[in-house]
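> Below: sequence and its predicted model.
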Amino acid sequence: MKKSTMGMIAGSTALVSAGTVMAVKKYQEKSGKGSVNSNDMMEKVKTGASKTMQKAKTVIDKQMEMMNKEKQMIDQADAKMQSGKGSSNLDPTIQKKDEIASPDAPEDEAEKGLTGLDHEYRSEWVANGFPQTHREMERLEEEDDRK
């Protein structure tokens, strides 16, 4: 929650507390059950408002702490990406598969030029109708342009 929102909530709560205390005082005066000392009333208002403000500060502090942690995580991720230690290095197995040729390349003409990682995903590409070659992609783009 934004600081301004928390401030509005805290201020509104303080005003409601003050209004409640004043209403109770007026009720007591009208009902004849005695009056409330104005100093006592102000102390009650101050105490209630102070408690409300402390709760709002606690909530804001927790949110700021959380936001600082998120900022640190973003800074760390950015530093990793800038240093070249990004997602490509997170899983060396996948990186290795993407560097070697497809194991079926000697037997299957469609596998020539694909990497080991491409080989693993090829069946999904075929099942989903993704183009398998650059020519196919260009042909599909030309068809889209004509439409």
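Looks like it arrived, so ask away.
> What are the boundaries of the helices in the protein?
3-31, 38-82, 92-99, 116-128, 134-146 (DSSP state H).
> Spatially central residue for the chain, please.
residue 70 (8.6 Å; CA atoms, centre = their mean).
> picking up where we left off before, got CSV for the helices of the chain, with distance to residue 110 too?
Every C-beta, even on glycine, is put in place using the N, C-alpha and C of the backbone. Shown next, in CSV, are the helices of the chain (distance: least, CB to CB, whole Å):
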stretch, distance to residue 110
helix 3-31, 59
helix 38-82, 34
helix 92-99, 18
helix 116-128, 8
helix 134-146, 11
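> I'd like to know which of the ones you listed lies nearest to residue 106.
With CB to CB as the measure, helix 116-128 is the member of the helices of the chain nearest residue 106 (12.2 Å).
> packing partners for that closest one?
helix 92-99 (3 or more CB pairs under 8 Å, 6 or more residues apart in numbering; DSSP states H and E).
> buried sites along the helix it packs on?
By neighbour count on 16 or more other CB atoms under 10 Å, the buried set for helix 92-99 is residue 97.
> Now do that helix against helix 116-128: the angle between them, please.
Calculated by axes from the mean of the first three to the mean of the last three CA atoms, to 10 degrees, helix 92-99 forms an angle of 80 degrees with helix 116-128.
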